[in-house]
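Asks: Please work out how this folds:
(chains A and B)
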Number of protein chains: 2
Amino acid sequence: MNPASVGEATYHQAVVDVLGALAYAELSGSLRMSVDADRAPGLSERLTLARIAAHSWDNYTRLESRLTDLGESPEEVMSPFTVAVDGFHERTEPRDWLEGLVKAYVGDGIARDFYREVARRVDPQTRDLMDSVLADRGQEALLAEVIGDALERSPQEAGRLALWGRRLVGEAIAQTQRVAVERDALAALLVGAWDVPGAEGDLVELGRMLTRLTEAHTLRMRRIGLSA
Amino acid sequence: MNPASVGEATYHQAVVDVLGALAYAELSGSLRMSVDADRAPGLSERLTLARIAAHSWDNYTRLESRLTDLGESPEEVMSPFTVAVDGFHERTEPRDWLEGLVKAYVGDGIARDFYREVARRVDPQTRDLMDSVLADRGQEALLAEVIGDALERSPQEAGRLALWGRRLVGEAIAQTQRVAVERDALAALLVGAWDVPGAEGDLVELGRMLTRLTEAHTLRMRRIGLSA
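Replies: Coordinates of the predicted model:
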């Protein structure tokens, strides 16, 4: 297969798409987390969430710098992904603080797993940046702790939150598929269209990826005491 | 006058109060600005506001470090100020994006002017940190530009926003007075209870300070084409 282009799509475009999608996800995640921090019931929870939000913003600025280095306008590159990401957020508007927390925990978890899978399909330099941005610096454990504490105080919320988690994962997968289908270069990358050194990816591998994402989600829900 | 204590209040406590109040104002301002960024109508405005929010968060972390260096728990030190600051935000909940912007512009402006006045009453080391945190890194001009653009598109909003600005300044002054009265050490600092080298402050000077804050507010409103 031609290593430089698949139809109209080029490998450069695929990498730019991946970085743009991830950058907008981090920007959007940072702002949503700040909204949750703003309505946190206490100062301690507020600080915990604000720190996670600041970390996502920091990730955003690193991706922004790379895009600029690649000669791209970060704003233009992110634009194609705002509809899907904003759409996900609009369709999963938390009704209260606890739903916001579970959304951050579940949504960030799935997104991080997904982009880690994507990172295996790109060149080493891009992969290093993505792996570093996607590294869990304790925020998942922190969120699990805050949610666990809240569920201990209000165990009657477990059923509602388990349902909420199922809705979140459904919407997240739907939006991810939508993005991948609409962006030729991204779809080509996912099915392994280019011979990128050390990269994996074909249709069979894509199926396995979805299985891995679902399994990781189930474990994540179990960790906070909820059924997936 | 005793340089170490005024009644039960000590100069150390006054400095800790000032830093704690400013830290919570920056934290809270950062989160509120992120909420505005989250509901911005376009990606470009979203990025502008997110950058201002990130800058406030950065200010917060610097104040937090200083408080920790002084042997204080940032969370405990900020706690006495959450009611007044949160109260201000609850009583001035913007009804839309434009009101949020004007609130950020007017509210941050008054707060910055007020803390700059306070900075003149503390020791040089504290003053340096405060001046650096309070330095305008272009965010005021940026906000004025975004608001100016919006008002150019919707000039019929000017009357409503001018009224909004008046309400904001009234609430801001009421909350500031409430904080100063409730915190003995802070009140003592404002009226110049301690002989801090290079510091200014007495009751006459306090009256002048209020005049300066009001004048600066009027100029700020005029800059975005609104009457104060």
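Asks: Name the residues of the strand or helix carrying residue A:82 that are buried.
Replies: Taking DSSP states H and E as the criterion, residue A:82 maps to helix A:74-91. For helix A:74-91, a neighbour-count test (16 or more other CB atoms under 10 Å in any protein chain shown) marks A:74-75, A:77-78, A:80-82, A:84-85, A:88-89 as buried. Using the backbone N, CA and C atoms, a C-beta is placed for each residue, glycine as well.
Asks: Same question for stretch A:177-197.
Replies: Those would be A:179-180, A:183-190, A:192-194, A:196, for stretch A:177-197 by 16+ other CB under 10 Å.
Asks: among the helices and strands of chain A, which has the poorest mean pLDDT?
Replies: When each helix and strand of chain A is scored by mean pLDDT, DSSP states H and E, strand A:5-6 comes last, with a mean of 56.
Asks: Can you show me the strands along chain A?
Replies: A:5-6, A:9-10 (DSSP state E).
Asks: Nearest residue to the middle of chain A?
Replies: Nearest residue to the geometric centre of chain A (CA atoms, centre = their mean): residue A:111, 2.2 Å.
Asks: wait, what's in contact with that one?
Replies: Contact analysis of residue A:111 by CB atoms under 8 Å, 6 or more residues apart in numbering or on different chains lists A:25, A:29, A:172.
Asks: Nearest to chain B among those residues?
Replies: Chain B lies nearest to residue A:29 out of the contacts of residue A:111, by CB to the nearest CB, at 10.8 Å.
Asks: isn't that closest one right next to residue A:108, touching?
Replies: Yes - using CB atoms under 8 Å, residue A:29 makes contact with residue A:108 at a distance of 6.2 Å.
Asks: Need the pLDDT of the closest residue to residue A:224 other than its chain neighbours.
Replies: The shortest distance from residue A:224 to any residue other than its chain neighbours is 4.9 Å, reached at residue A:147 (CB to CB, 6 or more residues apart in numbering or on different chains). On the pLDDT scale, residue A:147 is placed at 91.
Asks: Wait, residue A:147 touches residue A:102, no?
Replies: Yes - using CB under 8 Å, residue A:147 is in contact with residue A:102, at 6.2 Å.
Asks: neighbour-wise, which of the two wins?
Replies: Per other CB atoms under 10 Å in any protein chain shown, whichever of residue A:147 and residue A:102 has more neighbours is residue A:102, with 25 against 22.
Asks: The more buried one: what's it in contact with?
Replies: A:94, A:147, A:161, A:164-165, A:168, A:224, A:226.
Asks: let's go with 10 Å and repeat that
Replies: Residue A:102 sits next to A:94, A:143, A:147, A:150-151, A:157, A:160-162, A:164-165, A:168, A:221, A:224, A:226 when contact means CB atoms under 10 Å, 6 or more residues apart in numbering or on different chains.
Asks: of all those, which two lie farthest apart?
Replies: The most widely separated members of the contacts of residue A:102, counting by CB to CB, are A:143 and A:160 (17.8 Å).
Asks: Residue A:107 contacts residue A:170, correct?
Replies: No - using CB atoms under 10 Å as the test, residue A:107 is too far from residue A:170 to be in contact (11.7 Å).
Asks: what's the neighbour count on whatever residue of chain A ends up closest to chain B?
Replies: Nearest residue of chain A to chain B: residue A:34, at 3.3 Å (CB to the nearest CB). Neighbour count of residue A:34, defined by other CB under 10 Å: 29.
Asks: now the closest residue to it other than its chain neighbours: how far from residue B:187?
Replies: Computed as CB to CB, 6+ apart, the closest residue to residue A:34 that is not its neighbour in sequence is residue B:34, at 3.3 Å. Plainly put, residue B:34 is 32 Å away from residue B:187 if you go by CB to CB, to the nearest Å.
Asks: So between residue A:143 and residue A:160, which is more surrounded?
Replies: Per other CB under 10 Å, whichever of residue A:143 and residue A:160 has more neighbours is residue A:143, with 23 against 16.
Asks: ok, the more buried one to residue A:49 distance?
Replies: For residue A:143 relative to residue A:49 (CB to CB), the value is 8 Å.
Asks: I'd assumed residue A:144 was in contact with residue A:224.
Replies: Yes - counting by CB under 10 Å, residue A:224 touches residue A:144, with 5.3 Å between them.
Asks: what's the overlap in contacts for the two?
Replies: In contact with both residue A:224 and residue A:144: A:101, A:105, using CB under 10 Å, 6+ apart.
Asks: So between those two, which is more surrounded?
Replies: Neighbours were counted for residue A:224 and for residue A:144 using other CB under 10 Å; residue A:224 has more, 22 against 17.
Asks: Dihedrals phi and psi, that one?
Replies: Backbone torsions for residue A:224, taken as degrees, to the nearest 10, come to phi -100, psi 10.
Asks: near chain B, which residues of chain A show up?
Replies: A:24, A:27-28, A:30-40, A:42-44, A:46-47, A:49-51, A:53-54, A:57-58, A:60-61, A:64, A:74-76, A:78-79, A:82, A:86, A:89 (CB under 10 Å from any CB of the partner chain).
Asks: let's see 7 Å
Replies: A:27, A:31-32, A:34-35, A:37-38, A:43-44, A:47, A:50, A:53-54, A:57, A:75, A:78-79, A:82 (CB under 7 Å from any CB of the partner chain).
Asks: List the contacts of the residue nearest to residue A:22 when sequence neighbours are not counted.
Replies: Closest residue to residue A:22 apart from its sequence neighbours, by CB to CB, 6+ apart: residue A:115 at 5.5 Å. For residue A:115, the contact set (CB atoms under 7 Å, 6 or more residues apart in numbering or on different chains) comprises A:22, A:130, A:134.
Asks: Which among the residues you listed count as buried?
Replies: For the contacts of residue A:115, buried by 16+ other CB under 10 Å: A:22, A:130, A:134.
Asks: The first one contacts residue A:66, doesn't it?
Replies: No - counting by CB atoms under 7 Å, residue A:22 sits too far from residue A:66 to count as a contact (10.1 Å).
Asks: Could you list which residues are in contact with residue A:99?
Replies: By CB under 7 Å, 6+ apart, the contact set of residue A:99 is residue A:164.
Asks: Tell me the pLDDT of it.
Replies: Per-residue pLDDT puts residue A:99 at 91.
Asks: Next: residue A:71.
Replies: Here the pLDDT value assigned to residue A:71 is 96.
Asks: Number of residues surrounding it?
Replies: Neighbourhood size, residue A:71 [other CB under 10 Å]: 8.
Asks: Phi first, then psi, for it.
Replies: Torsion angles at residue A:71 (phi, psi; degrees, to the nearest 10) stand at phi 80, psi 20.
Asks: what about the nearest residue to residue A:221 once chain neighbours are set aside, how many neighbours?
Replies: Sequence neighbours aside, residue A:228 is the residue nearest to residue A:221 in space, at 4.0 Å (criterion: CB to CB, 6+ apart). Around residue A:228 sit 15 other residues, with neighbours defined as other CB under 10 Å.
Asks: That'll do, ta.
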